[in-house]
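K.L.:
Fold the following, please.
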Amino acid sequence: MTAQAEVASSDAEVRTRRPGVRAGAMAVWVAAVAIWWWRFGIPNDSITVMITLWLGTIAWNIEAHPREHLNFLRDWWLPAALLTFYFFSRGLTDELQIPVHWTMPIDADRWLGGGTTPTELLQSAWCGDPCLKASDPRWYDVLFTTTYATHFLVGLTIAVVLWVRNHDEWQVWMRRFVGLNFGGLVIYVSYPMAPPWLASDEGFMGPVERLTSRGWRDIGLQRVDVILNGVGNPTAAMPSLHFGTAFLVALYGVWRLRGSWRWLLFAYPAVMGVALVYYGEHYVIDLVAGGALAALVMVLARRWERRREERAEVHATAEDVRV
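P.N.:
Residues are numbered from 1 along each chain as shown. Now for the predicted structure:
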């Protein structure tokens, strides 16, 4: 190593060891995100979430050379493009004019609920009389609305943490996360299905209120699409990717982590599932489909990875033989 390189290396070590620099940068980022969310709302769209998290990685590695921060764009452009395609493609059902399914999930959930859908049972027990979105929220409404909103953040937040810590593990998670979203997209397009609140509005079942945002009414928070402005599909209910993503997080955590505490991760999809059914966003049968899809994605992704590992071992053995 040349004297100039040694000096540069020493300077870099000094920079990374300066006390409080990372903590200060992260504090500024957290404060800026909090102010943005309080003023404009928590983002629903993947692009805004990715940009926010990219800024977080810059704050975390604040002393790195500026060009190192561009590595994020190099690695994330493809996932960003795929998730943006997914976001805009959810409305393909309307363009293809595929008939919407209304009664199957109602019949299935009535069977599960002994004649009444679990959504109607939960709203009757917990919502109030009359059950209205404008009614005063209960303490559990805050919990359920917050849990519901984490769906738009949790998958990409896990991805960014893994990207910073372990690039190979980031690829393992993204393979499953993107796969889950595209698996859901295929089903949305081939089997459009109305959620409980929409089926109620159209007279297919009894009164059901869409209560999703009620828990945040008194604290002033809201959700917003900043960049991918309000693109959506009200009949993209089967499967529930809210539940599927939460279940995928739990499955992935139990698989990759150690210690008995990791089983507590299943509390996340449990609370998410109750929130979705109670708020009239999904039927129980949607949750079953979302959980099944998450499990299938985990299995298929692992099989693909094992085959790739086996091919790599065979190739390495062949190279050793040649040598």
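
K.L.:
Tell me which stretches of the protein form helices.
P.N.:
With helices called from DSSP state H, the chain shows them at 3-17, 21-40, 46-60, 71-89, 92-96, 103-112, 118-126, 139-165, 167-190, 196-201, 241-256, 267-278, 284-322.

K.L.:
Low-confidence regions, the stretch 51-200 of the chain specifically.
P.N.:
Within the stretch 51-200 of the chain, the ranges that satisfy pLDDT under 70 run 90-96.

K.L.:
for the helices of the chain, which one sits closest to R223?
P.N.:
Taking Cβ to Cβ as the criterion, helix 139-165 is the member of the helices of the chain that comes nearest to R223, at 5.9 Å. For glycine as for every other residue, the C-beta is placed from the backbone atoms N, C-alpha and C.

K.L.:
Mind giving me the packing neighbours of that closest one?
P.N.:
In terms of contacts (3 or more Cβ pairs under 8 Å, 6 or more residues apart in numbering; DSSP states H and E), helix 139-165 is packed against strand 42-43, helix 46-60, helix 71-89, helix 167-190, helix 241-256, helix 267-278.

K.L.:
Of all those, which one is nearest M26?
P.N.:
Among the helices and strands packed on helix 139-165, the nearest to M26 by Cβ to Cβ is helix 46-60 (5.0 Å).

K.L.:
got the angle for that closest one vs helix 71-89?
P.N.:
160 degrees (axes from the mean of the first three to the mean of the last three Cα atoms, to 10 degrees).

K.L.:
Show me what helix 46-60 is packed up against.
P.N.:
Using 3+ Cβ pairs under 8 Å, 6+ apart: helix 46-60 touches helix 21-40, helix 71-89, helix 139-165.

K.L.:
Which of those sits closest to T235?
P.N.:
Using Cβ to Cβ, the helices and strands packed on helix 46-60 put helix 71-89 closest to T235, at 13.6 Å.

K.L.:
if we can go back for a sec, which one of the helices of the chain lies closest to W216?
P.N.:
Among those, helix 139-165 comes nearest to W216, with 5.1 Å by Cβ to Cβ.

K.L.:
buried residues in that closest one?
P.N.:
Neighbour-count burial for helix 139-165 flags 141-142, 144-156, 158-163 (criterion: 16 or more other Cβ atoms under 10 Å).

K.L.:
what's the answer for stretch 127-141, then?
P.N.:
Result for stretch 127-141 [16+ other Cβ under 10 Å]: buried residues 127, 131, 133, 135, 137, 141.

K.L.:
With stretch 34-43 instead?
P.N.:
37, 41-43.

K.L.:
Could you list the residues in contact with that stretch?
P.N.:
Stretch 34-43 has contacts (Cβ atoms under 8 Å, 6 or more residues apart in numbering) with 49, 52, 149, 152-153, 220-226.

K.L.:
and of those residues, the nearest to V30?
P.N.:
Proximity of the contacts of stretch 34-43 to V30 was ranked by Cβ to Cβ; the top entry is T52 with 10.9 Å.

K.L.:
That closest one contacts D45, doesn't it?
P.N.:
No. Using Cβ atoms under 8 Å, T52 is not in contact with D45, being 10.8 Å away.

K.L.:
one step back: out of the helices and strands packed on helix 139-165, which is closest to R214?
P.N.:
Per Cβ to Cβ, nearest to R214 of the helices and strands packed on helix 139-165: helix 267-278, 10.4 Å.

K.L.:
Report pLDDT for E309.
P.N.:
Turning to E309, the model gives it a pLDDT of 84.

K.L.:
Okay, the residue nearest to L248 when sequence neighbours are not counted and V249: tell me how far apart.
P.N.:
Nearest residue to L248 in three dimensions, chain neighbours excluded: A294, at 4.1 Å (Cβ to Cβ, 6 or more residues apart in numbering). Going from A294 to V249 by Cβ to Cβ, to the nearest Å gives 9 Å.

K.L.:
out of those two, which sits in the busier spot?
P.N.:
Shown here are A294 and V249; by other Cβ atoms under 10 Å, A294 has more neighbours (28 against 24).

K.L.:
Only the buried residues of stretch 102-109, if you could.
P.N.:
So stretch 102-109, judged by 16+ other Cβ under 10 Å, has buried residues 102, 105-106, 108-109.

K.L.:
just how off-centre is that stretch within its chain?
P.N.:
Here the centre of stretch 102-109 is set off from its chain's centre by 26 Å, with Cα atoms, centre = their mean, to the nearest Å.

K.L.:
contacts for it?
P.N.:
117-119, 193-194, 196, 199, 202, 204-205, 237-238, 283-286.

K.L.:
Please identify, among the contacts of stretch 34-43, the one with the most neighbours.
P.N.:
Ranking those using other Cβ under 10 Å puts V49 first, with 23 neighbours.

K.L.:
residue contacts, that one?
P.N.:
Taking Cβ under 8 Å, 6+ apart, we find V49 in contact with 43, 152-153, 156-157.

K.L.:
That one and T84: what is the separation?
P.N.:
Applying Cβ to Cβ, the value for V49 to T84 is 12 Å.

K.L.:
And L55, by the same measure?
P.N.:
In terms of Cβ to Cβ, L55 sits 19 Å off from T84.
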